[in-house]
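In: Pasting the sequence and the predicted model now:
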Amino acid sequence: MASPNGLTIIMSNTEVSMQSRLICELIGTFALTFIGAGSIMMGGDLTTVALAHGLVLAIVVTATMNISGGHINPAVTISMMVVKKIDNNTGLKYIGAQLLGASIAGLMLSQILDGTTMVAVGHGMGTPAPTDGIELMGVIAVEAVLTFLLMFAIWGTAVDPRAPAIGGWVMMGGGITGAAMNPARWMGTWLFTDMADMSHLLMYWAGPLIGALSCSLLYNNYIMAPEDDDAKLRDHDA
């Protein structure tokens with residue numbers, strides 16, 4: 001069921017200017033990166049870090065869903081472009097805003113905390129990195145599976161017209177793995193590390209994209225309810 005003005009987590013309000021929508025996506029990814037990475041850099045334990053990511057993600061998605069659609073994640077946006085839930089021009093602008101917001105957060109953290117990191121995790125600038133001994137394809141596979149499950153939850157609760165109206169709070173589950181499943185959140189702080197291992201760039205982009213795309217194609221083609229008047233409200237026609 002759509003919200004009162006016919007919008008859901010994947011929608012954007014076509015009556016709102018593009019500038020307003022892009023600002024919302026920028027602020028959303030800024031908040032996720034600044035608070036999520038900041039909680040790691042300040043030495044929070046794993047529970048604190050997970051809660052920080054989950055809470056801020058739930059809040060920013062809920063706050064922006066009726067304006068920009070609350071994507072706050074390039075993997076979500078790209079998968080919605082592929083299945084025609086958002087047009088390519090708007091999608092590319094969203095991705096640019098998301099990356100810019102995350103990068104501004106990374107820059108601010110690098111200046112404020114001067115590269116402080118949580119020793120127990122050892123990830124510079126609060127940037128996720130694979131555990132020692134895990135191969136490239138293993139990391140990509142884990143990221144793909146986690147993102148697939150996240151996207152399945154999004155489709156089942158926010159896109160499918162048969163879904164209950166639970167809004168952005170489904171995104172709370174994103175806190176389980178911190179920044180995993182979101183290339184913008186990862187890249188925003190990675191840009192301000194020494195970027196020694198370029199393979200991480202592939203890991204944290206390829207994995208989420210594979211998971212998001214495979215889930216969106218599966219759900220849209222084989223599970224999605226037949227389009228009706230309510231379903232049409234969920235399509236982006238900007």
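Out: On my side now, so go ahead.
In: The chain: helices as residue ranges?
Out: In the chain, the segments counted as helices under DSSP state H are 18-41, 46-64, 74-82, 88-112, 136-154, 183-190, 199-218, 229-232.
In: and the fifth one, what's its mean pLDDT?
Out: When you say that, I think you mean helix 136-154. Average pLDDT, helix 136-154: 84.
In: Would you mind writing the CA trace of it as PDB?
Out: Output in PDB follows, covering the C-alpha atoms of helix 136-154 (Å, rounded to 0.1, in the frame of the first residue of the first chain):
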ATOM      1  CA  LEU A 136      38.500 -11.500  -3.600                       C
ATOM      2  CA  MET A 137      35.700 -13.700  -4.900                       C
ATOM      3  CA  GLY A 138      34.700 -14.600  -1.400                       C
ATOM      4  CA  VAL A 139      34.200 -11.000  -0.400                       C
ATOM      5  CA  ILE A 140      32.200 -10.300  -3.600                       C
ATOM      6  CA  ALA A 141      30.000 -13.300  -3.000                       C
ATOM      7  CA  VAL A 142      29.200 -12.300   0.600                       C
ATOM      8  CA  GLU A 143      28.500  -8.700  -0.500                       C
ATOM      9  CA  ALA A 144      26.300 -10.000  -3.300                       C
ATOM     10  CA  VAL A 145      24.300 -12.400  -1.000                       C
ATOM     11  CA  LEU A 146      23.800  -9.700   1.700                       C
ATOM     12  CA  THR A 147      22.700  -7.100  -0.900                       C
ATOM     13  CA  PHE A 148      20.400  -9.700  -2.500                       C
ATOM     14  CA  LEU A 149      18.700 -10.200   0.800                       C
ATOM     15  CA  LEU A 150      18.400  -6.500   1.500                       C
ATOM     16  CA  MET A 151      16.900  -5.900  -1.900                       C
ATOM     17  CA  PHE A 152      14.500  -8.800  -1.400                       C
ATOM     18  CA  ALA A 153      13.300  -7.100   1.800                       C
ATOM     19  CA  ILE A 154      13.000  -3.700  -0.100                       C
END
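In: Would you tell me which of the helices of the chain gets closest to Thr127?
Out: helix 183-190 (4.3 Å; Cβ to Cβ). Any C-beta I mention is one placed from the backbone N, CA and C, and that applies to glycine too.
In: which of the residues in the closest one are buried?
Out: With burial defined by 16 or more other Cβ atoms under 10 Å, the residues of helix 183-190 counted as buried are 183-190.
In: Tell me what angle that helix forms with helix 88-112.
Out: Interaxial angle, helix 183-190 versus helix 88-112 (axes from the mean of the first three to the mean of the last three Cα atoms, to 10 degrees): 30 degrees.
In: Can you name the residues in contact with helix 183-190?
Out: With contact meaning Cβ atoms under 8 Å, 6 or more residues apart in numbering, helix 183-190 is reached by 29, 32-33, 36-37, 72-75, 95, 98-99, 101-106, 109, 124-128, 179-180, 200-201, 204-205, 208-209.
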